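Participant: Show me the folded form of this:
(chains A and B)
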Amino acid sequence: MPSLSSLLEPGLLLLAAAGFFALHCYIRGLERL
Amino acid sequence: MTIYGWLQAIVLVLALVPAMNPLGTFMARLFAGERTFLSPVLGPVERGIYRACGIDAAQEMSWSAYALALLAFSIAGFAFLYVLLRTQAWLPFNPQHFANLPPDLAWNAAMSFLTNTNWQFYSGESTMSYLSQMAGLAWHNFVSAAAGIAVAIAVIRGVVRSSATTLGNFWVDLTRATLYVLLPIAFVGALLLAWQGVPQNLDAYRTIRTLEGASQTITGGPMATQEAIKELGTNGGGFVNANSSSPNENPTPFTNILELFLILVIPFALLSTYGRMARDARQGWAIFAAMAILLVAGFAGAYGAEAAGNPIVHAMGVTGGNMEGKETRFGIAGSSLFASITTDTSTGAVNAMHDSFTPLGGLVPIVNMQLGEIVFGGVGSGLYGMLIFVVLTVFIAGLMVGRTPEFLGKKIEARDVQLAILAILVTPVLTLVPTAVAVLLPAGLATLNNAGPHGFSEILYAFTSTNANNGSAFVGLGGNTFYDVATGLNMLFGRFAVAIPALALAGSLARKVAAPAGAGTFTTTSPIFVVLLLGTILIVGALTFLPADALGPIVEHLLVQQGKTF
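Facilitator: Numbers count the residues shown, from 1 in each chain, chains lettered A, B, ... in the order given. Model prediction:
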């Protein structure tokens, strides 16, 4: 089983991707406002 | 307070005002695509960049295309900096053989620099290779500032254009802001700083023996070049941990004023640019007046509190102001001026430790940031943040007099106000909610250096600073994975959750047709408008942040009067 510390980097990169994707969705959402 | 202290502020303003209109006019011409005096030299470089990157400079973008380009550029910038920081040990220009940054620290630093925040959970002189400093951090210092200017220019275009569907081309605005505005001024600034003694080399640190016989390490590196853009781009991330309180970064009282000049020159000039693009210089001056009043009030508050000193120290028989955490070469006035201007302008630089300010002196930087960094603000971001407040003010004025609100002849409708409110709500929500979460979690309290209201102020300051993309720290709060992630996300959304609705608002305004001003039009250039704008800003700030501020610096001030410290 992978240790918590080994999951940190992929987790952080996923979090960054999710953050940027949320902003992308925010732009698309405001287009329809 | 002394007259000499105020003279520093007066000298700064006297230096800034003559630079304001020439630079503002230059930027108005530059972003309109007109020829400038730098075009013969930089024009071929600019066109070469467009050719190399496949940019069609004539192709304009809708607000959403502009925002998506900004986002795409930021994603690429994040990835580049993250990889650089994670691999610096294997790359050149690392004479101190610094290790790769751990993932959470690299993640936090990448978010910090791409958002123009420059919050630092590391000490640059013991963490960052010269390559990371130059190609990673300084690169972002330039382009994040240029992105802010680009968004401000796009928002101004939206305000002043009629029946338009586009706001300009993000890539063109970004290139021009970097090439014509930031690079030339930063070059001159770096030369002046190097002349004053700021190091500029690629040598390894030197270990010397002092006169007392002790061993001391003298840091070096390409500091002058980074210092110039650190201030000019309202970034603030120090080459060394002590930032502008270090003699390396800010060696003399002259460099202190020079750095403040670099911080303010573009935000000042952008108001002139706005006036010229709106074909009514008074529009820019009205906003300038509101910003200047808030700036002077902040300086007076911080200077007054620090000059008054600490009653507990006075009770020991030591008279005078509060010099704890301050450099003697800057004194109380130079430190208070630096603290108030850097927190007005979203510059994370410090030349004194804000944690050591008196409670009321420390409240001023916090309030400056809580207002949304619109007191001149970050390069570009301050102006578009203030224009959002202008729209809200016009709306409130319309409600008060019972007329349809208008801004530069354009009717402000429900969607415009919704977008303005969306942008304004970002600051309180993303400051207060994470602060509340942090004080409830063991991880949020684990790295605090102080208890009681002072400890609360340290947490409140961290989330206020990161959300406002300021980047200065109150000190006293250490980094851990919780803060790396929480402040990183806060910086990301603090930057883009304001810029995106600002662009959407600009897109909405651009489509409208401007009607000529009538007898009943509420002018946005009158003293009454300035007062109303100030009232709107202060009421929004007071309503949202006063309870939190009362729990931190305000209650600490009252307790210090009773002889209690934390």
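Participant: Residues of chain A that sit close to chain B?
Facilitator: Near chain B, the residues belonging to chain A are A:8-9, A:12-13, A:15-16, A:19-20, A:23-24, A:26-28, A:30-31, A:33 when assessed by CB under 8 Å from any CB of the partner chain. Glycine gets a C-beta too; all of them are placed from N, C-alpha and C.
Participant: Counting neighbours, which of those end up buried?
Facilitator: By neighbour count, with 16 or more other CB atoms under 10 Å in any protein chain shown, those hold A:8-9, A:12, A:16, A:19-20, A:23-24, A:26-27, A:30 as buried.
Participant: now, which of those residues sits nearest B:G361?
Facilitator: A:G19 (34.8 Å; CB to CB).
Participant: want to throw the buried ones among the residues of chain A next to chain B into TSV with secondary structure?
Facilitator: Shown next, in TSV, are those (DSSP: H, G, I helix; E, B strand; the rest coil):
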residue	secondary structure
A:L8	helix
A:E9	helix
A:L12	helix
A:A16	helix
A:G19	helix
A:F20	helix
A:L23	helix
A:H24	helix
A:Y26	helix
A:I27	helix
A:L30	helix
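Participant: dump the residue contacts of the closest residue to chain A within the stretch 251-400 of chain B.
Facilitator: Here the stretch 251-400 of chain B gets closest to chain A at one residue, B:I388, 13.9 Å apart by CB to the nearest CB. Contact partners of B:I388, counting by CB atoms under 8 Å, 6 or more residues apart in numbering or on different chains, are B:420, B:423-424, B:498, B:501-502, B:505.
Participant: filter those residues down to the ones near chain A?
Facilitator: B:P501.
Participant: among the contacts of B:I388, which are in helices?
Facilitator: Judged by DSSP state H, helices contain the following of the contacts of B:I388: B:420, B:423-424, B:498, B:501-502, B:505.
Participant: How about residue 23, nearest residue that isn't a chain neighbour?
Facilitator: In the absence of a named chain, chain A is used. Leaving aside its chain neighbours, A:L23 sits nearest to B:F496 (5.0 Å; criterion: CB to CB, 6 or more residues apart in numbering or on different chains).
Participant: if you could check chain B rather than the one you did, that'd help
Facilitator: B:A269 (3.7 Å).
Participant: now swap in B:L392 and tell me
Facilitator: B:A420 (5.0 Å).
Participant: The one you found touches B:V498, doesn't it?
Facilitator: No: applying CB atoms under 8 Å, one finds B:A420 not in contact with B:V498, separated by 10.7 Å.
Participant: Between these two, which is the more surrounded one?
Facilitator: B:V498 (27 against 24; other CB atoms under 10 Å in any protein chain shown).
Participant: Can you get me a residue count around B:S336?
Facilitator: 33.
Participant: Ok, the one 10 residues further on next?
Facilitator: Per other CB under 10 Å, the neighbour tally for B:S346 reads 36.
Participant: The one 3 residues further on too?
Facilitator: The local packing of B:A349 (other CB under 10 Å) involves 30 other residues.
Participant: part of a helix, is it?
Facilitator: No: using three-state DSSP, the assignment for B:A349 is coil, not a helix.
Participant: Identify the residues contacting it.
Facilitator: B:230-231, B:236, B:238, B:243-244, B:259, B:263, B:338, B:342, B:472.
Participant: Nearest residue to it in space, ignoring adjacent ones along the chain?
Facilitator: Nearest-residue entry for B:A349: B:G236, 4.0 Å, with adjacent residues in sequence omitted and distances by CB to CB, 6+ apart.
Participant: SS state for that neighbour?
Facilitator: Reducing the assignment at B:G236 to three states with three-state DSSP gives coil.
Participant: Can you name the residues of chain B that neighbour chain A?
Facilitator: Counting by CB under 8 Å from any CB, chain B comes close to chain A at B:64, B:67-68, B:71, B:74-75, B:78, B:82, B:103-104, B:107, B:111, B:415, B:418-419, B:422, B:481, B:485, B:489, B:492-493, B:496-497, B:500-501, B:504.
Participant: go with 7 Å
Facilitator: Those residues of chain B that sit near chain A, judged by CB under 7 Å from any CB of the partner chain, are B:64, B:67-68, B:71, B:75, B:78, B:103-104, B:107, B:415, B:418, B:485, B:489, B:492, B:496, B:500-501, B:504.
Participant: Which part of chain A gets nearest to chain B, residue-wise?
Facilitator: A:E9 (4.0 Å).
Participant: quick one: that residue and B:D104 touch, right?
Facilitator: No: proximity of A:E9 to B:D104 does not meet the contact threshold set by CB atoms under 7 Å, at 8.6 Å.
Participant: host element of B:G507?
Facilitator: Following DSSP states H and E, one finds B:G507 within helix B:481-511.
Participant: gap between that helix and the chain center?
Facilitator: With CA atoms, centre = their mean, to the nearest Å as the basis, helix B:481-511 stands 14 Å off its chain's centre.
Participant: Give me the buried positions along that helix.
Facilitator: Buried residues in helix B:481-511, counted by 16+ other CB under 10 Å: B:481-510.
Participant: Name the next helix or strand downstream of that helix, please.
Facilitator: Downstream of helix B:481-511, the first helix or strand assigned by DSSP H and E is helix B:527-549.
Participant: what's downstream of that following helix, the next helix or strand?
Facilitator: helix B:555-561.
Participant: Which secondary structure elements does that next one sit against?
Facilitator: For helix B:555-561, the elements it packs on are helix B:311-315, helix B:359-370, helix B:452-467, judged by 3 or more CB pairs under 7 Å, 6 or more residues apart in numbering or on different chains; DSSP states H and E.
Participant: outside of the shortest one, which residues touch it?
Facilitator: Spelled out, it's helix B:311-315. With CB atoms under 7 Å, 6 or more residues apart in numbering or on different chains as the test, helix B:311-315 has contacts from B:560-561, B:563, B:565.
Participant: Show me which pair in these is furthest apart.
Facilitator: Greatest spacing in those, by CB to CB: B:Q561 and B:T565 (11.4 Å).
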